[in-house]
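Asks: build me a model from this:
(2 chains)
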Number of protein chains: 2
Amino acid sequence: MKAITVKKPGGAEQLQVVEYDKPIPRDGELLIRVEAAAVNRTDIMNRESSSGYLDNPILGVEVAGIVEEAGAGAKIAVGTRVMGLVNGGGYAEYAVMPDDRAMVIPENLSFEEAAAVPEVFLTAYQTLFWLGQLRKGETVLIHAGGSGVGTAAIQLAKQIGQAKVITTAGSKEKLDYCRLLGADILINYKEQNFNEEVLAATDNQGVELILDFIGASYWSKNLSSIKVDGRWVLIGILGGAEVEKVNLMELMSKRIQLTGTLLTPRSDEYKAALTSEFSSKTLELFESNKLRPIVDHVFSFDEIKEAHEHMENNKNIGKIIVKVN
Amino acid sequence: MKAITVKKPGGAEQLQVVEYDKPIPRDGELLIRVEAAAVNRTDIMNRESSSGYLDNPILGVEVAGIVEEAGAGAKIAVGTRVMGLVNGGGYAEYAVMPDDRAMVIPENLSFEEAAAVPEVFLTAYQTLFWLGQLRKGETVLIHAGGSGVGTAAIQLAKQIGQAKVITTAGSKEKLDYCRLLGADILINYKEQNFNEEVLAATDNQGVELILDFIGASYWSKNLSSIKVDGRWVLIGILGGAEVEKVNLMELMSKRIQLTGTLLTPRSDEYKAALTSEFSSKTLELFESNKLRPIVDHVFSFDEIKEAHEHMENNKNIGKIIVKVN
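Replies: Below you'll find the model as predicted:
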């Protein structure tokens, strides 16, 4: 089968399409004929450090496709359309997936749309509800509203969390899109100090929850944007990892809960439990179009270099998809 | 009545015994004839910035004494021996306390012992169980094991949490005392790198929970001592507030939950709920001497300067008490 691996650690030019053995599903696993895969920042990090994920030399952590073969004990029938997270190996014509991590694709979604669901919606769900404990009526600040996780988080916070959503992005085009997805307050971080806008929008109280994909460059402004007893979930470092001078007394006097997280390295059991809860809460919302996978651009399998570069340029609104079959 | 206030912001020499009006209990409040009060770091911080707590010019946030008068609706009878947190005003012959924050003193405890209970045991309880979510069989690292909160936390983690306790302190005398209180692993931070000892004691996994009273100077070693998915509660900055460089990726890759907290500024409702749960879980353990208030030294009312200096010298094991009546 065709698959995408990395020649040596480096830029997008190191990606290559190679011939690879079709994987064999073990007990409880599904072999999936991949129709579409999505590009994630974790793929770029793996590319730069040369390894695939979990010793899998093939990149890619999420796919949508059709069950081709089911290992012993797997509960999903051959021929079913499924989407979900894989332990690497997603950029390929075939991939294996633990059965308890496969979600049946709602009928109204194409494979390209379905491939845009797992990583960002599961991450957003985990972050908002499991780690962030978002409660009805609270206000959440979602940075990078136009990103894959941002577009998923805005929708989930409105549709499931019934929260007030404040979002930041760097262009009018992205902010207009966030408004369509349901965001209540829109802040262009290039033209406004987002913390001043957040305080103005919250009667100087700040927000109960921050979803932070940015990290270091937003540290001080996030501190001033968060309410006493607020939760702050750190899920990305697009603005750098290293904060100079952190004053711990500020975390204490505001009684902040700061939680760092990454989804990809979590255990199979965790991903299965998250997938199961997420599916039960969202399937109807996808079927009724209240939740929408946001696809920015679909690249062909041979355009993988362009797909990675597109993400690295931060030009996308929503997900970048690679069409496989 | 006699009361202790601050002349102007500064050192212990600024403390003065003055004559003050006896407070009048409002609805739901108790007037307490104070027998003993305890010294806390928050008193020292208030002394340095000249204000008492919550506009109360009289220092002191916890007392033990006898109910002298009950405001309308208060449910505790005149003559009852009680201990608990007050909103300032503890260093005085009389103090008022919201009725729902008063705990009946177990018969086997003296007033001096009872005054050693509220602040440190409530803080330790809140930190271990409400914020730290300590579960049976987990390992907790308790810094400053000889401090007031440290001695309370070691006992609560063993007696209620059924946890494995690793503690640090700066002298053999303090560590021996921690062992008596139930600590399993003892580390002299002046002679050993505590993170190396923690990793050695946990099969290189690290601890599930850290109670951190130290802050900046322990930052890196705490990071290396904590397990993946660990919780880290920041309740003091004895080692400074400012961390020079924080790498957020380390918080993300270990998926750490870092929570800052302070007890004194929390709401009346919070303190009432904490007091109520704490009382129901611990009364029998105090009565059977499985939990012990740890009193380092009892000073007379006129020795308040010496009492503050004793705390500032970090020489105490357990609480510093001021005998009032």
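Asks: tell me which stretches of chain A form helices.
Replies: Secondary structure of chain A by DSSP state H: the helices cover A:41-48, A:111-115, A:118-125, A:148-159, A:172-181, A:194-201, A:219-225, A:248-253, A:268-287, A:304-312.
Asks: closest one to chain B among those?
Replies: Closest of those to chain B is helix A:248-253, at 3.4 Å (criterion: Cβ to the nearest Cβ). (Glycine included, C-beta is placed from N, CA and C.)
Asks: the helices of chain A: lowest mean pLDDT?
Replies: Out of the helices of chain A, helix A:41-48 stands lowest, with a mean of 90 (criterion: mean pLDDT).
Asks: what residues sit buried inside that one?
Replies: Under the neighbour-count criterion of 16 or more other Cβ atoms under 10 Å in any protein chain shown, helix A:41-48 has A:Arg41, A:Thr42, A:Asp43, A:Ile44, A:Asn46, A:Arg47 buried.
Asks: what do you get for stretch A:265-274?
Replies: A:Arg266, A:Lys271, A:Ala272, A:Leu274.
Asks: get me the contact residues on the stretch 151-300 of chain A for chain B.
Replies: Residues of the stretch 151-300 of chain A lying close to chain B by Cβ under 8 Å from any Cβ of the partner chain are A:215-216, A:234-235, A:237, A:241-262, A:265-266.
Asks: picking up where we left off before, dump the buried residues of helix A:41-48 to a markdown table, plus distance to chain B.
Replies: Below are those laid out as a markdown table (distance: Cβ to the nearest Cβ, whole Å):
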| residue | distance to chain B |
| --- | --- |
| A:Arg41 | 12 |
| A:Thr42 | 12 |
| A:Asp43 | 17 |
| A:Ile44 | 15 |
| A:Asn46 | 14 |
| A:Arg47 | 17 |
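Asks: where in chain A is pLDDT low?
Replies: A:50-54 (pLDDT under 70).
Asks: per-domain residue ranges of it.
Replies: A:2-117+A:293-323, A:120-260 (automatic domain parsing).
Asks: endpoints of the first one, how far apart?
Replies: To tie it back to what came earlier, the one meant is domain A:2-117+A:293-323. Domain A:2-117+A:293-323 has an end-to-end distance of 12 Å (Cα to Cα, to the nearest Å).
Asks: among the helices of chain A, which is the most enclosed?
Replies: By mean neighbour count, with neighbours taken as mean count of other Cβ atoms under 10 Å in any protein chain shown, helix A:148-159 ranks first of the helices of chain A at a mean of 27.
Asks: center of chain A, which residue is that?
Replies: When Cα atoms, centre = their mean is applied to chain A, the residue found nearest the centroid is A:Val120 (2.2 Å).
Asks: may I see the buried residues of stretch A:312-325?
Replies: Buried, per 16+ other Cβ under 10 Å, within stretch A:312-325: A:Asn316, A:Ile317, A:Gly318, A:Lys319, A:Ile320, A:Ile321, A:Val322, A:Lys323, A:Val324.
Asks: please report the distance of the nearest residue to the last one once chain neighbours are set aside from A:Glu69.
Replies: Think A:Val324. Nearest residue to A:Val324, sequence neighbours excluded (Cβ to Cβ, 6 or more residues apart in numbering or on different chains): A:Val34, at 4.5 Å. Distance, A:Val34 to A:Glu69, using Cβ to Cβ, to the nearest Å: 13 Å.
Asks: more neighbours: which of these two?
Replies: Here A:Val34 and A:Glu69 are compared on neighbour count by other Cβ atoms under 10 Å in any protein chain shown; more neighbours surround A:Val34, at 30 against 16.
Asks: hmm, back to that, would you turn the helices of chain A into CSV with distance to B:Asp229?
Replies: CSV is the format used below for the helices of chain A (distance: least, Cβ to Cβ, whole Å):
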stretch, distance to B:Asp229
helix A:41-48, 19
helix A:111-115, 29
helix A:118-125, 16
helix A:148-159, 20
helix A:172-181, 31
helix A:194-201, 29
helix A:219-225, 23
helix A:248-253, 19
helix A:268-287, 9
helix A:304-312, 28
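Asks: wait, which of the domains of chain A is closest to B:Ala95?
Replies: The minimum distance between B:Ala95 and the domains of chain A falls on domain A:120-260, with 25.1 Å, by Cβ to Cβ.
Asks: roughly how far is that closest one from the heart of the chain?
Replies: Its chain's average C-alpha position is 15 Å from that of domain A:120-260, according to Cα atoms, centre = their mean, to the nearest Å.
Asks: quick check: the gap between the closest residue to A:Lys281 other than its chain neighbours and A:Leu285.
Replies: If the residues on either side of it in the chain are set aside, A:Lys281 comes closest to A:Ile160, at 6.2 Å by Cβ to Cβ, 6+ apart. Taking Cβ to Cβ as the criterion, A:Ile160 is separated from A:Leu285 by 8 Å.
Asks: quick one: end-to-end distance for stretch A:98-113.
Replies: First-to-last residue span, stretch A:98-113, Cα to Cα: 21 Å.
Asks: that stretch: which residues count as buried?
Replies: A:98-103, A:105-106, A:109-113.
Asks: how about stretch A:286-298?
Replies: Buried-residue list, stretch A:286-298, by 16+ other Cβ under 10 Å: A:Phe286, A:Leu291, A:Arg292, A:Pro293, A:Ile294, A:Val295, A:Asp296, A:His297, A:Val298.
Asks: closest one of those residues to B:Gly146?
Replies: Using Cβ to Cβ, these come closest to B:Gly146 at A:Leu291, 54.2 Å.
Asks: show the contacting residues for that closest one.
Replies: A:Phe121, A:Gln155, A:Leu156, A:Gln159, A:Thr282, A:Leu285 (Cβ atoms under 8 Å, 6 or more residues apart in numbering or on different chains).
Asks: wouldn't A:Val149 be in contact with A:Val120 here?
Replies: Yes. Between A:Val149 and A:Val120 a contact is recorded at 4.7 Å, counting by Cβ atoms under 8 Å.
Asks: how far out from the middle of the chain is stretch A:69-87?
Replies: 22 Å.
Asks: to clarify, my last question referred to stretch A:105-124.
Replies: 11 Å.
Asks: first to last residue in it, what's the distance?
Replies: Terminal-residue distance, stretch A:105-124 (Cα to Cα): 19 Å.
Asks: and chain B, is that stretch touching that?
Replies: No. For stretch A:105-124, no contact with chain B is found by Cβ under 8 Å from any Cβ; the gap never falls below 12.2 Å.
Asks: tell me how many other residues surround the residue lying closest to A:Lys305 once chain neighbours are set aside.
Replies: With sequence-adjacent residues excluded and distances taken as Cβ to Cβ, 6+ apart, A:Lys305 is closest to A:Ala12, at 4.5 Å. Counted by other Cβ under 10 Å, the residues lying close to A:Ala12 total 18.
Asks: next: the one 5 residues further on.
Replies: If you count neighbours by other Cβ under 10 Å, A:Val17 ends up with 14.
Asks: distance of it from A:Ala3?
Replies: Taking Cβ to Cβ, one finds A:Val17 at 7 Å from A:Ala3.
Asks: what does A:Val96 give?
Replies: To A:Ala3, A:Val96 is 13 Å away according to Cβ to Cβ.
Asks: one more: A:Asp268?
Replies: Distance, A:Asp268 to A:Ala3, by Cβ to Cβ: 22 Å.
Asks: before we move on, the earlier item: the residues of the stretch 151-300 of chain A next to chain B in strands, which ones?
Replies: With strands taken from DSSP state E, the overlap with those comprises A:Leu234, A:Glu242, A:Val243, A:Glu244, A:Lys245, A:Val246, A:Asn247, A:Gln257, A:Leu258, A:Thr259, A:Gly260.
Asks: B:Arg292 versus the fourth one, what's the distance?
Replies: Think A:Glu244. 44 Å.
Asks: give the contact list for the residue in the stretch 1-150 of chain A that chain B sits nearest to.
Replies: Relative to chain B, the nearest point of the stretch 1-150 of chain A is A:Leu131 (8.0 Å; Cβ to the nearest Cβ). By Cβ under 8 Å, 6+ apart, the contact list for A:Leu131 reads A:Arg231, A:Val233, A:Thr259, A:Thr261, B:Gln257.
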